[in-house]
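# Got a predicted structure here, sequence first:
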Amino acid sequence: MPAFRFSNGWLVVIAGTLLLQSAQVFGLEQVSVRRDGQEQHLEGNVVVESQDGGILLMSPDGVLWAIQPDEIVRRRTDSRPFQLFDRILLAQKVSQEIPTGFETYSTAHYLICYNTSKAYAQWCGALYERLYRAFFTYWSQRGFDLRDPEAPLVAIVFADRPSFVKYAKTDLGEGAEAVIGYYNMRTNRVLMYDLTGVDGITNHTGLATTASHINRILSKPQTERTVATIIHEATHQIAFNCGLQQRYADIPLWVSEGLAVYFETPDLESSKGWRKIGGVNRERLLQFRMYLRNRPSDSLRTLLSNSQRFRNTQTAPDAYAEAWALNYYLLRRRSAEYHAYLQTLSAKKPLMNETDEDRLTAIYTAFGENLEALDRDFVSYLRDTR
Ligand SMILES: [Zn+2]
């Protein structure tokens, strides 16, 4: 998941926020913004307003705009209500922002924009719908009251890697070279490309054009991690759109990434269920076991305190593995406490950033103050995990 950072000016006034959030029902915010010498008009719903007059605006296509006070040229509230685009308007808007020649394919909860084969778009749609159902079932069985998003979730599927990378650079910069798919938290879209034509996955030229052929290619053991990445990114999108987490809220990465990893294991054989959710993630368990050989004594503390270990390419693989392991442990051994903790995260509003100390305090409240005891039990559970 790409990182987005904000200036420190986002100190949110609670009273102001509440006022604006009640105003959102009645008024559409019209804002003229000057950026890089260009004036741009935006309309949408004010999600939060900072003390210094900066705003986080959601436009009808679901995109979030963090607007600094000195960028605002004019601003007024209209009497029309804010409404997210319906499927047709959303498809039109997205198509203006991607290269020409894309078509759309709709499923119950997704809008898939693609320029690869229709079969591949359908394959993605079916995979995402199964993930969506499995995600909802998993959490509703644990007492979470998730809600369907108000607008379809957008997935953009490019026919090949070069065109995907070219587009992804506008979101990720040079980091695009290293990814096979991503969730853009700002635009709320997942982006990827047709994996059946990728070197090492297929041994012939051309893309697979039937569902069974695609499944045959992508069920191979060597593609497990590739498909896992696609599922991982889609899991972020669902989590941020069904009420489990709110975009731009300060959700610790060990939670958002750990849960995405927890859900990422593909289950392509089963057409109905998704039996592997919550199972042992072999790859991450192996990585965690390797890490345990030289694991620093403050590992749990650093994981829980901030996102540094996830942001550094050297330490990220161990951080992801440990985040998976911790989620695996907490969901199995400390589920009631962890569910309660997740509920507090669900209630977090965007752009209210916390300190390392705040995050640890929340952990003490949820699991008790003895972090060493928690760590011992966690590590011992994972050592015994088969
Ligand atoms: Zn992620």
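Received the coordinates, thanks.
# give me the element the residue nearest the centre of the chain is part of.
Using CA atoms, centre = their mean, the residue of the chain that lies closest to the mean C-alpha position is H236, 2.5 Å off. In this assignment (DSSP states H and E), H236 forms part of helix 224-239.
# Find out how far that helix is from the centre of the chain, if you would.
9 Å (CA atoms, centre = their mean, to the nearest Å).
# in it, what's buried?
Neighbour counts over helix 224-239 (16 or more other CB atoms under 10 Å) mark 224, 226-239 as buried. (Each C-beta comes from the backbone N, C-alpha and C, glycine too.)
# Stretch 119-128 too?
119-128.
# mean confidence for that stretch?
The average pLDDT within stretch 119-128 is 93.
# where in the stretch 251-386 of the chain is pLDDT low?
270-273 (pLDDT under 70).
# List, one by one, the residues from it near the ion.
Within reach of the ion by CB under 5 Å from the ion, the stretch 251-386 of the chain has these residues: 257, 260.
# Which residue ranges of the stretch 251-386 of the chain form helices?
For the stretch 251-386 of the chain, the helices defined by DSSP state H, counting those that start in this stretch occupy 253-263, 282-292, 299-305, 308-311, 316-333, 335-346, 356-367, 371-384.
# For L84, find the nearest of the ones you listed.
helix 335-346 (20.1 Å; CB to CB).
# now for that closest one, which elements pack on it?
Judged by 3 or more CB pairs under 8 Å, 6 or more residues apart in numbering; DSSP states H and E, the packing partners of helix 335-346 are helix 316-333, helix 356-367.
# Looking at those, spot the one closest to I55.
Across the helices and strands packed on helix 335-346, closest to I55 is helix 356-367 (CB to CB), at 23.7 Å.
# Go ahead and name everything in contact with the closest one.
252, 301, 304-306, 334, 337-338, 340-341, 344, 354, 371, 374 (CB atoms under 8 Å, 6 or more residues apart in numbering).
# Just the CA coordinates for it, please, in CSV.
Output in CSV follows, covering the C-alpha atoms of helix 356-367 (Å, rounded to 0.1, in the frame of the first residue of the first chain):
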residue,chain,number,x,y,z
ASP,A,356,4.1,6.3,19.3
GLU,A,357,3.1,6.6,22.9
ASP,A,358,-0.6,7.0,22.0
ARG,A,359,-0.4,3.8,20.0
LEU,A,360,1.2,1.9,22.8
THR,A,361,-1.3,3.2,25.3
ALA,A,362,-4.1,1.9,23.1
ILE,A,363,-2.3,-1.5,23.2
TYR,A,364,-2.1,-1.5,27.0
THR,A,365,-5.8,-0.6,27.2
ALA,A,366,-6.7,-3.5,24.9
PHE,A,367,-4.3,-6.2,26.1
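# ok now that helix, how far from the chain's centre?
The answer for helix 356-367 is 23 Å, by CA atoms, centre = their mean.
# mind starting the numbering at 33 from now?
All right, first residue 33 from here; so that's helix 388-399.
# Can you give me the buried ones in it?
391-392, 394-395, 398-399.
# residue in the stretch 83-232 of the chain nearest to the ion?
Nearest residue of the stretch 83-232 of the chain to the ion: Y215, at 7.2 Å (CB to the ion).
# follow-up on the earlier one: most packed of the helices of the stretch 283-418 of the chain?
helix 285-295 (a mean of 23; mean count of other CB atoms under 10 Å).
# Domain-wise, how is this protein divided?
Following automatic domain parsing, one gets these domains for the chain: 46-109, 119-276, 314-416.
# What is the neighbour count of L96?
19 (other CB atoms under 10 Å).
# Distance-wise, check it relative to I87.
10 Å (CB to CB, to the nearest Å).
# Could you pull out the residues contacting both of these two?
V79.
# quick revisit: which of the domains of the chain sits closest to E296?
domain 119-276 (4.2 Å).
# Just confirm V105 contacts S64, I think it does.
Yes: at 4.3 Å, V105 counts as touching S64 under the criterion of CB atoms under 8 Å.
# Any chance you could list residues touching both of the two?
With CB under 8 Å, 6+ apart as the test, V105 and S64 both reach E71.
# Mind jotting down where the strands sit in this structure?
61-67, 70-81, 87-90, 96-99, 104-109, 135-138, 142-146, 185-190, 213-216, 221-225 (DSSP state E).
# Extract the C-alpha set from the longest one and format it as CSV.
This means strand 70-81. Extracted in CSV, the C-alpha atoms of strand 70-81 (Å, rounded to 0.1, in the frame of the first residue of the first chain):
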residue,chain,number,x,y,z
GLN,A,70,-3.2,26.5,-11.9
GLU,A,71,-6.6,27.1,-10.5
GLN,A,72,-8.8,24.0,-10.2
HIS,A,73,-12.4,23.7,-9.1
LEU,A,74,-13.4,20.9,-6.8
GLU,A,75,-16.8,20.0,-5.3
GLY,A,76,-17.5,17.4,-2.7
ASN,A,77,-18.1,16.6,0.9
VAL,A,78,-15.8,18.0,3.7
VAL,A,79,-14.7,14.9,5.6
VAL,A,80,-12.6,16.8,8.1
GLU,A,81,-11.4,20.4,8.5
